[in-house]
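Asker: Next come a sequence and a model predicted from it.
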Amino acid sequence: MDYKQLKNDFQTPFYIYDFDKIKERFLNLKDAFKARKSQIFYAVKANSNLSLLQMFAHLDSGFDCVSIGEVKRALKAGAKPYKIIFSGVGKTKEELKLALKYDILYINLESEAEMMLLENVAKELALKARISIRVNPNVDAKTHPYISTGLNENKFGVEIDLARKMYLYAKNSSFLDPVGVHFHIGSQLLDLTPIHEAAKIVAQLTRELKALQIDLKFFDIGGGLGVVYEKQECEPNLYDYAQGILAQLKGLDLTIGMEPGRYLVAQSGEFVCCVLYEKYNKTKRFVVVDGAMNDLIRPSLYEAYHEIVLPYNQGEESKCDIVGGICESGDFFAKARFLPKTQSGDIMIVKNAGAYGFSMSSNYNTRNKVCELALEDGKVRLIRQRESFEDQIALEEKFLRN
Ligand code: LLP
């Protein structure tokens, strides 16, 4: 990739995503489950750029959304309503109402209270709401605590006994139609055992429900498949992932739903920035760049590791912290990394930044959100314009007093 040309054309910082690589990952995942009916619902939160969603829609992907905003994004990008599912612990009445009006595939319920509210909303609209219930199987995903979701101590889903009770209630309601079951135990899973264990627990529940004449159609295994960020890690094998799930579903006629985010997009994205300064505090070396934690918060929030490359620099390497210009000590992309000497303007690439990069970015310190580029069929195109100061203040300016 000619990063110098890209810098010339678009300035830094920016994100760039390799759409061809994303397509390949999508097709490989789909293929691993070919023995059964399956549907990928791309987890929009990982990277919600409209052009990316449009590309997924063309691949016949479904969409896992966690706000009505994400549902609207998916629809805008060309998704069919019957390929959209809606999850999240805190859906509002207004969001539930709109989801029903859009006639999406199903709504994933995360509590009994939410079910009662949805039933009321469906009644008001004189509709029958298709639902799934997110079960919390109490399985330890063995990942970072902030992205672990399948234990009873986490806020997500409902425990299995309550789920059973909710399905029975839904079955007898004129306004609820139970069509699926769902679990998601955490993100960045590198060990497949916990997810297979969760599948076993939830498959057992599905069998019990079948015996009670509650015949579900969707078995949604959530997302969470991990990727390699650091060299010593090992990506789970797709075949093993699929086989372990399929093995739990013997005798059940279900469509397997998956909600991958990171697996599809993380490694296809790069955050490209430039060196501003090098500085030493006593003996400690800092490389200050034009990107910052507001653009990519993963290192600050989870102490996440991202490989960092200087594609045009050579020479002896020494230890440094790579930091942004934000007024926080937590504003860093990496600590104690070995890099060659740099100069102002040198291009730096933060790798594997396609998931939870731009989608978690903010305007902290009144910094403009960066632009996003796509690489497809050997060509680079702009898929989100760089924000301007005027964009940022547009919703405040009109309230200024004369
Ligand atoms: N389904 C549900 C219900 C989820 O909560 C999530 C992610 C996914 C699917 C997609 O998970 P994935 O396949 O991408 O692992 N910001 C964090 C990750 C938070 C994940 C939240 N839920 C990070 O940067 O690592």
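Answerer: Yep, it's here.

Asker: Quick check, central residue of the chain?
Answerer: In the chain, the centroid-proximal residue (C-alpha atoms, centre = their mean) is A46; its distance is 2.4 Å.

Asker: Relative to the ligand, how far out is the nearest residue to that one once chain neighbours are set aside?
Answerer: Closest residue to A46 apart from its sequence neighbours, by C-beta to C-beta, 6 or more residues apart in numbering: G261 at 2.9 Å. For every residue, glycine as well, the C-beta is placed using N, CA and C. To the ligand, G261 is 3 Å away according to C-beta to the nearest ligand atom, to the nearest Å.

Asker: How about E230?
Answerer: As for E230, its distance to the ligand is 14 Å (criterion: C-beta to the nearest ligand atom).

Asker: Helix, strand or coil: sort out that residue for me.
Answerer: When classified by DSSP: H, G, I helix; E, B strand; the rest coil, E230 comes out as coil.

Asker: Just list the residues touching the closest residue to it other than its chain neighbours, thanks.
Answerer: Nearest residue to E230, sequence neighbours excluded (C-beta to C-beta, 6+ apart): Y305, at 4.9 Å. Residues in contact with Y305 (C-beta atoms under 8 Å, 6 or more residues apart in numbering) are Y229, E230, P299, A334.

Asker: And the pLDDT at Y305?
Answerer: Note for Y305: predicted pLDDT of 98.

Asker: quick one: contacts for G354?
Answerer: G354 touches Y15, Y17, I22, A46, N47, V265, A266, Q267, S268, G269, E270, counting by C-beta under 8 Å, 6+ apart.

Asker: so the last one sits in a strand?
Answerer: Yes. Counting by three-state DSSP, E270 is part of a strand.

Asker: how much space between it and R73?
Answerer: Relative to R73, E270 is positioned 23 Å away (C-beta to C-beta, to the nearest Å).

Asker: Give me the more crowded residue out of the two.
Answerer: Higher neighbour count among E270 and R73: E270, with 25 against 18, using other C-beta atoms under 10 Å.

Asker: Which residues does that one form beta bridges with?
Answerer: Following DSSP bridges, E270 is listed with bridge partners I16.

Asker: hey, C-alpha coordinates of the helix or strand encompassing E114 in CSV?
Answerer: Using DSSP states H and E, E114 sits within helix 112-124. Provided in CSV are the C-alpha atoms of helix 112-124 (Å, rounded to 0.1, in the frame of the first residue of the first chain):
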residue,chain,number,x,y,z
GLU,A,112,-38.6,-10.1,32.2
ALA,A,113,-39.4,-6.4,32.6
GLU,A,114,-38.4,-5.9,29.0
MET,A,115,-40.7,-8.7,27.9
MET,A,116,-43.7,-7.2,29.7
LEU,A,117,-43.0,-3.8,28.1
LEU,A,118,-42.7,-5.4,24.7
GLU,A,119,-45.9,-7.3,25.1
ASN,A,120,-47.7,-4.0,25.9
VAL,A,121,-46.1,-2.2,23.0
ALA,A,122,-47.1,-5.1,20.7
LYS,A,123,-50.6,-5.0,22.1
GLU,A,124,-50.9,-1.3,21.4
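
Asker: tell me which strands and helices it is in contact with?
Answerer: In terms of contacts (3 or more C-beta pairs under 8 Å, 6 or more residues apart in numbering; DSSP states H and E), helix 112-124 is packed against helix 93-102, strand 106-109, strand 129-134, helix 160-172, strand 176-182.

Asker: Any chance of a markdown table for the ones you listed, columns distance to V289?
Answerer: Formatted as a markdown table, the helices and strands packed on helix 112-124 follow (distance: least, C-beta to C-beta, whole Å):
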| stretch | distance to V289 |
| --- | --- |
| helix 93-102 | 38 |
| strand 106-109 | 39 |
| strand 129-134 | 39 |
| helix 160-172 | 47 |
| strand 176-182 | 40 |
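
Asker: Single out the most deeply packed of those.
Answerer: Neighbour counts (mean count of other C-beta atoms under 10 Å) averaged over each of the helices and strands packed on helix 112-124 peak at strand 106-109, with a mean of 28.

Asker: just how off-centre is stretch 277-293 within its chain?
Answerer: The chain centre lies 30 Å from the centre of stretch 277-293; the measure is C-alpha atoms, centre = their mean, to the nearest Å.

Asker: Now do the end-to-end distance for it.
Answerer: End-to-end distance of stretch 277-293: 17 Å, with C-alpha to C-alpha, to the nearest Å as the criterion.

Asker: which parts of that stretch are buried?
Answerer: By neighbour count on 16 or more other C-beta atoms under 10 Å, the buried set for stretch 277-293 is E278, R285, V287, V288, V289, D290, G291, A292, M293.

Asker: Backbone dihedrals for the first one, please?
Answerer: Going back to what we said before, that points to E278. Dihedral angles of E278 (phi, psi; degrees, to the nearest 10) stand at phi -110, psi 140.

Asker: separation between it and the ligand?
Answerer: Note on E278: its distance to the ligand, by C-beta to the nearest ligand atom, is 28 Å.

Asker: Alpha carbons only: can I get stretch 193-201 in PDB?
Answerer: Extracted in PDB, the C-alpha atoms of stretch 193-201 (Å, rounded to 0.1, in the frame of the first residue of the first chain):
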ATOM      1  CA  THR A 193     -14.300 -24.600  25.300                       C
ATOM      2  CA  PRO A 194     -16.400 -22.000  27.100                       C
ATOM      3  CA  ILE A 195     -18.600 -21.300  24.000                       C
ATOM      4  CA  HIS A 196     -19.100 -25.000  23.300                       C
ATOM      5  CA  GLU A 197     -20.000 -25.500  26.900                       C
ATOM      6  CA  ALA A 198     -22.500 -22.600  26.700                       C
ATOM      7  CA  ALA A 199     -24.000 -24.100  23.500                       C
ATOM      8  CA  LYS A 200     -24.500 -27.400  25.300                       C
ATOM      9  CA  ILE A 201     -26.400 -25.700  28.200                       C
END
